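Student: Structure of the sequence below:
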Amino acid sequence: MSETILEQAAEWIAGGKDVALATVVNTWGSAPRPAGSQLAVDSDGRFIGSVSGGCIEGAVVLEALEVIADGQPRVLEFGVSDDQAWEVGLACGVKIRVFVEKIV
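Tutor: From the prediction side, this is the model:
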């Protein structure tokens, strides 16, 4: 899947779009995507790939657009403790660290 993501990112760049790449660099618990998973976002907000799903994915897309705008890479951290997960009926918690960078 990464080749498809990177190929699409290259096509967007060749077409004159700015692009950010988000990569899962670390996980703990029941993370839906493993380390190395990627998501590319173009300056129009189109994206391909996945780093998590749900509200985390939406937050990563928004941060990627900010990275495109200001050029500053970011490390994003998302998490839910085991206790918090149990309170909402999940078996265990999760922590995800995502690196987002503008690519050229």
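Student: Now do the contacts for Glu101.
Tutor: The contact partners of Glu101, taken as C-beta atoms under 8 Å, 6 or more residues apart in numbering, are 20-21, 67, 73. The way it works is simple: take the backbone N, C-alpha and C, and place the C-beta from them, glycine included.
Student: host element of it?
Tutor: Following DSSP states H and E, one finds Glu101 within strand 94-103.
Student: what are the pairing partners of that strand, and which direction each?
Tutor: strand 19-29 (antiparallel), strand 74-80 (antiparallel) (DSSP bridges).
Student: out of those, nearest to Arg46?
Tutor: With C-beta to C-beta as the measure, strand 19-29 is the member of those nearest Arg46 (9.7 Å).
Student: Tell me which helix or strand comes right after that closest one.
Tutor: Next along from strand 19-29, by DSSP H and E: strand 38-42.
Student: follow-up on the earlier one: PyMOL command for the buried members of the contacts of Glu101?
Tutor: Buried members of the contacts of Glu101, defined by 16 or more other C-beta atoms under 10 Å, are picked up in PyMOL with:
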select buried, resi 20+21+67
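Student: Make JSON lines out of the contacts of Glu101 and add pLDDT and distance to Ala35.
Tutor: Shown next, in JSON lines, are these (pLDDT from 0 to 100; distance: C-beta to C-beta, whole Å):
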{"residue": "Ala20", "pLDDT": "98", "distance to Ala35": "18"}
{"residue": "Leu21", "pLDDT": "98", "distance to Ala35": "15"}
{"residue": "Val67", "pLDDT": "98", "distance to Ala35": "20"}
{"residue": "Pro73", "pLDDT": "98", "distance to Ala35": "17"}
